[in-house]
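1. When you get a sec, could you give me coordinates for this:
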Amino acid sequence: MSARQQPVLVADIGGTNARFALADTGQAAPLIEASIREFPVVDFPSLGDAARHYLQDVTAEATRGVFAVAGRVDGDEARITNHPWVISRSRTAAMLGFSELHLINDFAAQAMAISLLQPQDVVQIGGAPWRPRLPHAGANYGVIGPGTGLGVGGLVIRHDRCYPLETEGGHVSFPPGTPEEIRILEILSETFGRVSNERLICGPGLVNIHRAVCEMAGFDPGQLQPAEVTARAAQNDPQAMRAVDLFCAIFGAIAGDLVLIQGAWDGVFLTGGLVPRMLESLQHSGFRQRFEHKGRFSSIMGRVPSLAVIHPNPGLLGAAAYAVDAECDVPAGALV
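-> Numbers count the residues shown, from 1 in each chain. The predicted model follows:
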């Protein structure tokens, strides 16, 4: 079997676990779902060891790979905060005997996944419908994902080629839209100085909003985790309920700004660890109202879809999409 006929090894490397799978780049749905495995990173001395164990576990051979990494990719290396592995593309490729290996940022993978998402992989937020892109059609998409931080990016598709946009949009300054949000900004400024969107729209950001709401109500809530805030909201705690409502509304305003900034008229995809857990809140909150509320562009924004991604493995799906796209311009035998 030639290298191009072999499956591609794809991976999604997080801070705690590493997921691996095989991708058949000749198929319309390249990610082979039955091949997905997950391993704790502490069980292996290196990424190469984990990948080799995976290939032995599924009795597969591969000479090409696309690994999405939850950290900054800088040339040959990728770094993940508080991670036991030092990830080197060239050393990992040599260890595995790969002729071709790509290291990509995990949010670039989230953006690439958009090209393979199907209607069952998303939940529509608001009234604007979405359909997968037709072959040969161009598209501009935004992607925004609150988790431990706030990832912001995009995907531009032209002539059936995918171009992920990697940004640091989570670190732009928070723009309050109501007197209540102005007061929240003032409270958070006392702690952080400059307040970015990530200070509000991520797991720790929900806690920050809740703390500010409690301060406005005249009491200290103590040290909480994001799950504790959402649990209190489910029990009808008024400050926690207000914090969740504010989180969703601000999230909508920021997602709408992303459309205007990137020209993402074909839709914004909401991803990240918090989205599935807060899906019901997003559907029944001010998210969409603030998403559309953009002055002279409000009528246009009303036609832009906003979609929560519920695919269980968007990082692996995006790595598979990257592998498919990479075949368009990488000669066989090239280590890239």
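2. Okay, and the nearest residue to residue 262 once chain neighbours are set aside sits in which element?
-> Once flanking residues are discounted, residue 262 sits nearest to residue 154: 4.9 Å by Cβ to Cβ, 6 or more residues apart in numbering. No exception for glycine: its C-beta is placed from N, CA and C like everyone else's. Using DSSP states H and E, the element containing residue 154 is strand 150-158.
3. Residue 253 now?
-> Going by DSSP H and E, residue 253 is part of helix 238-262.
4. that older thread, after the strand holding residue 154, which helix or strand is next? Please name it.
-> strand 161-166.
5. Can you list the buried residues in the next helix or strand after that next one?
-> The element immediately downstream of strand 161-166 (helix or strand, assigned by DSSP H and E) is helix 179-192. Within helix 179-192, the residues that count as buried by 16 or more other Cβ atoms under 10 Å are 181, 184, 185, 187, 188.
6. and if you look at stretch 205-220?
-> Applying 16+ other Cβ under 10 Å to stretch 205-220 flags 205, 206, 207, 208, 209, 210, 211, 212, 213, 214, 215 as buried.
7. What of stretch 118-135?
-> 121, 122, 123, 124, 125, 126, 128, 130, 133.
8. low pLDDT regions in this structure?
-> Low-confidence segments of the chain (pLDDT under 70): 1-4, 329-336.
9. now the helices: where do they sit in it?
-> Here the chain has its helices, by DSSP state H, at 47-57, 89-96, 106-113, 179-192, 203-217, 226-234, 238-262, 274-277, 279-283, 287-292, 298-301, 314-326.
10. For the first one, give me every contacting residue.
-> Applying Cβ atoms under 8 Å, 6 or more residues apart in numbering, the set of residues contacting helix 47-57 from outside is 9, 11, 13, 18, 20, 37, 39, 41, 43-44, 61-62, 65, 67, 85, 87, 91-92, 95-96.
11. Would you mind listing which of these are buried?
-> Buried, going by 16+ other Cβ under 10 Å: 9, 11, 13, 18, 20, 39, 41, 44, 62, 65, 67, 85, 87, 92, 96, out of the contacts of helix 47-57.
12. what's around residue 57, how many residues?
-> Counted with other Cβ atoms under 10 Å, the neighbours of residue 57 add up to 12.
13. Quick check: the gap between residue 317 and residue 323.
-> Noted for residue 317: a distance of 11 Å to residue 323, by Cβ to Cβ, to the nearest Å.
14. what's the domain layout of this structure?
-> 1-117+311-336, 169-309 (automatic domain parsing).
15. The ones you listed: which one's closest to residue 160?
-> domain 1-117+311-336 (8.2 Å; Cβ to Cβ).
16. related to what we said a few turns ago, could you list every helix and strand that the helix holding residue 253 packs against?
-> strand 139-146, strand 150-158, helix 179-192, helix 203-217, helix 226-234, strand 268-270, helix 279-283, helix 287-292 (3 or more Cβ pairs under 8 Å, 6 or more residues apart in numbering; DSSP states H and E).
17. go again using 7 Å as the cut-off
-> strand 139-146, helix 203-217, helix 226-234, strand 268-270, helix 279-283, helix 287-292 (3 or more Cβ pairs under 7 Å, 6 or more residues apart in numbering; DSSP states H and E).
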